[in-house]
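In: Need coordinates for the below:
(4 chains)
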Protein chains: 2
Amino acid sequence: MTGNAKPRAVEKPAGGKTRIQMENETRILGAALDIFSESGFHGATLDRIASQASMSKPNLLYYFRNKEEIHVALLTGLLDVWLAPLREIRPDGNPVDEIGSYIRRKLESSRSFPRESRLFANEILAGAPHIGDFLQTELRQLVEEKAAILQGWIDDGRMATCDPRHLLFAIWSTTQHYADFSVQVRHVLGLDPGDKSYYDEAANMLETLFLGQLISVN
Amino acid sequence: MTGNAKPRAVEKPAGGKTRIQMENETRILGAALDIFSESGFHGATLDRIASQASMSKPNLLYYFRNKEEIHVALLTGLLDVWLAPLREIRPDGNPVDEIGSYIRRKLESSRSFPRESRLFANEILAGAPHIGDFLQTELRQLVEEKAAILQGWIDDGRMATCDPRHLLFAIWSTTQHYADFSVQVRHVLGLDPGDKSYYDEAANMLETLFLGQLISVN
DNA sequence: AAGATATTTGACCAAACGGTAAAAATGATA
DNA sequence: TATCATTTTTACCGTTTGGTCAAATATCTT
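Out: Residues are numbered from 1 along each chain as shown, chains lettered A, B, ... in the order given. Presented below is the predicted three-dimensional model:
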């Protein structure tokens, strides 16, 4: 009989994947990232994703059970990338170096992975239906840990008194803004689509804002 | 004959609207703001909007030609609200007062109009298909105007050297973050849904960040 | 109250969409 | 090359969704 053994995520106990399987799954995920990040979950259609992946829709559904499974696969794959810059903050460093390099890492992340950033933004805007648990557990714990480091610097008088968690929010929002709201940034600055020159100006701005003194006392 | 004269946006030259017309249009727009802001354009359905407005779908379409017209009506009605805080920045003020009160106005706007903020965020994330022209003309011009004021303060040595347009971006992103990413903020802080207590902490943070010196020189 | 107009509703439709079934084609392997 | 499992395609299905139509009802005006 002509077998129809679909792989469907976890199929082989030993996780053995065919060459074709690996190739196609990455093709699909890449295409889905394009479509989801520019149209959101509901705005994206399986037909467009399949088309972007140069693949028929049923073929696509041979590798992923349904639309949501592709979306979840992208999101979960994203979380480690999202956390990576934050994890690197070290307690034994000094505020300027640690915060400065954290901001540079986050901004670089926006520049290099704008699709991922927009996917994440879409998910949060929609109420985080898929990663709510991640936010409440992993992210919250990591924030608590890193906020304690910042609080230590505050207690040592090396930083102004402020809620360190909100400082992290400020860093997230300012850096991710350049990926998520790039259309607005480009329109306001009068830049062409695809022109990412504003990232250097952004780096200067954020350094002045977070590491220097913006407003002169007088 | 039973007349079927639909109003459909601009119908009476003198813009005369019935009491029922005005009531229902605001009911529809309110319901649509709920649905669009929490599900995005494609995630929202006319049935849900109609249901939220306690109205049948055909009745809803008696007042608005189609789904997009409701969306556009909301967006265009939004733009003045969005611009209002920025317009108030005065050249004859001082940096601390002007920027400080601008931040407070924007933050207050996020607290009071989170649905509007999310609607706007969704539109930008989707590539600003409906308000691209607004961004390139009205917003850009206003930013240019206000950036000139900030540049004046920089030239007078009352502010650090930085690109004033990117300073505005930073204010937009940090303040709007609390509306657009409220789910993330609440999950990370361990707050209940609907708890907006974090806005006061945010105000302190942003004041320290933008008006004070965050990192001590040592 | 009558007549005209404005509003509301129920029934319906075509297209788009997520997803399925089974056969056909391809690739791996002995 | 024969065999079997994997991959791809064709044809299709049920549901959802944006939107229409004509009839019914309510409202307003005189």
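In: if I look at A:Trp153, how far off is A:Asn94?
Out: 8 Å (Cβ to Cβ, to the nearest Å). Glycine gets a C-beta too; all of them are placed from N, C-alpha and C.
In: same deal with A:Phe36?
Out: With Cβ to Cβ as the criterion, A:Phe36 and A:Asn94 are 40 Å apart.
In: more crowded one of those two?
Out: Taking other Cβ atoms under 10 Å in any protein chain shown, A:Phe36 and A:Asn94 do not tie; A:Phe36 has more neighbours (26 against 13).
In: SS state for the more buried one?
Out: What DSSP: H, G, I helix; E, B strand; the rest coil gives for A:Phe36 is helix.
In: which residues does A:Phe36 contact?
Out: Applying Cβ atoms under 8 Å, 6 or more residues apart in numbering or on different chains, we find A:Phe36 in contact with A:Ala44, A:Ile49, A:Ile70, A:His71, A:Leu74, A:Leu119, A:Asn122.
In: Show me chain A divided up by domain.
Out: Using automatic domain parsing, the domain parsing of chain A gives A:19-65, A:76-211.
In: Dump those to CSV, plus mean pLDDT.
Out: Below are these laid out as CSV (pLDDT from 0 to 100):
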stretch, mean pLDDT
domain A:19-65, 97
domain A:76-211, 97
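In: got those as JSON lines, with distance to B:Ile89 columns?
Out: JSON lines is the format used below for the domains of chain A (distance: least, Cβ to Cβ, whole Å):
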{"stretch": "domain A:19-65", "distance to B:Ile89": "33"}
{"stretch": "domain A:76-211", "distance to B:Ile89": "15"}
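In: and these as JSON lines, adding distance to DNA strand D?
Out: Listed next are those as JSON lines, based on distance: least, Cβ to the nearest atom of the strand, whole Å:
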{"stretch": "domain A:19-65", "distance to DNA strand D": "3"}
{"stretch": "domain A:76-211", "distance to DNA strand D": "14"}
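In: So which of the ones you listed is nearest B:Lys57?
Out: domain A:19-65 (18.5 Å; Cβ to Cβ).
In: A:Asp133: neighbouring residues, count only.
Out: 11.
In: what about it, which helix or strand?
Out: Assigned by DSSP states H and E, A:Asp133 falls within helix A:132-134.
In: again, but for A:Leu79
Out: Here A:Leu79 is assigned to helix A:67-87, by DSSP H and E.
In: What are the buried residues along that helix?
Out: A:Lys67, A:Ile70, A:His71, A:Ala73, A:Leu74, A:Leu75, A:Leu78, A:Trp82, A:Pro85, A:Leu86 (16 or more other Cβ atoms under 10 Å in any protein chain shown).
In: which one is the third one nearest to, not counting chain neighbours?
Out: When you say that, I think you mean A:His71. A:Phe41 (5.7 Å; Cβ to Cβ, 6 or more residues apart in numbering or on different chains).
In: residue ranges of the helices in chain A, please?
Out: A:19-43, A:46-52, A:57-63, A:67-87, A:95-112, A:114-125, A:132-134, A:140-155, A:164-180, A:182-189, A:198-211 (DSSP state H).
In: Packing partners of the third one?
Out: I take that to be helix A:57-63. The contact analysis (3 or more Cβ pairs under 8 Å, 6 or more residues apart in numbering or on different chains; DSSP states H and E) places helix A:57-63 against helix A:19-43, helix A:46-52.
In: before we move on, the earlier item: can you list contacts of the helix holding A:Asp133?
Out: A:Leu79, B:Val183, B:His187.
In: The last one contacts A:Thr137, correct?
Out: No: no contact is recorded between B:His187 and A:Thr137 when judged using Cβ atoms under 8 Å, the distance being 9.0 Å.
In: residues shared between the contacts of the two?
Out: Both B:His187 and A:Thr137 lack any common contact, where contact means Cβ under 8 Å, 6+ apart.
In: which of these two has more neighbours?
Out: A side-by-side neighbour count of B:His187 and A:Thr137, using other Cβ under 10 Å, places B:His187 first with 23 against 11.
In: ok, for that one, nearest residue in space, not its chain neighbours?
Out: Closest to B:His187 by Cβ to Cβ, 6+ apart is A:Leu135, at 3.8 Å.
In: contacting residues for the one you found?
Out: A:Leu135 touches A:Ala128, B:Val183, B:Gln184, B:His187, B:Val188, counting by Cβ under 8 Å, 6+ apart.
In: go again using 6 Å as the cut-off
Out: A:Ala128, B:Gln184, B:His187 (Cβ atoms under 6 Å, 6 or more residues apart in numbering or on different chains).
In: Excluding chain neighbours, give the residue nearest to the spatially most central residue of chain A in space.
Out: For chain A, the residue nearest the mean C-alpha position is A:Ser117 (3.8 Å; Cα atoms, centre = their mean). Distances taken as Cβ to Cβ, 6+ apart put A:Ala179 closest to A:Ser117, at 3.7 Å, once the chain neighbours are dropped.
In: Flag every residue of chain A that's near DNA strand C.
Out: Within chain A, the positions lying close to DNA strand C (Cβ under 7 Å from any atom of the strand) are A:2, A:4, A:18-20, A:44-47, A:57-58, A:61, A:65-68.
In: mind running it again at 6 Å?
Out: Contact residues (Cβ under 6 Å from any atom of the strand) of chain A with DNA strand C: A:Thr2, A:Asn4, A:Arg19, A:Thr45, A:Leu46, A:Asp47, A:Lys57, A:Pro58, A:Leu61, A:Asn66, A:Lys67.
In: Same list, the helices and strands packed on helix A:57-63, but as CSV with distance to A:Met205 please.
Out: Formatted as CSV, the helices and strands packed on helix A:57-63 follow (distance: least, Cβ to Cβ, whole Å):
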stretch, distance to A:Met205
helix A:19-43, 25
helix A:46-52, 35
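In: Out of these, flag the one nearest B:Glu144.
Out: Judged by Cβ to Cβ, the one of those that comes nearest to B:Glu144 is helix A:19-43, at 28.3 Å.
In: How far does that closest one sit from its chain's centre?
Out: 16 Å (Cα atoms, centre = their mean, to the nearest Å).
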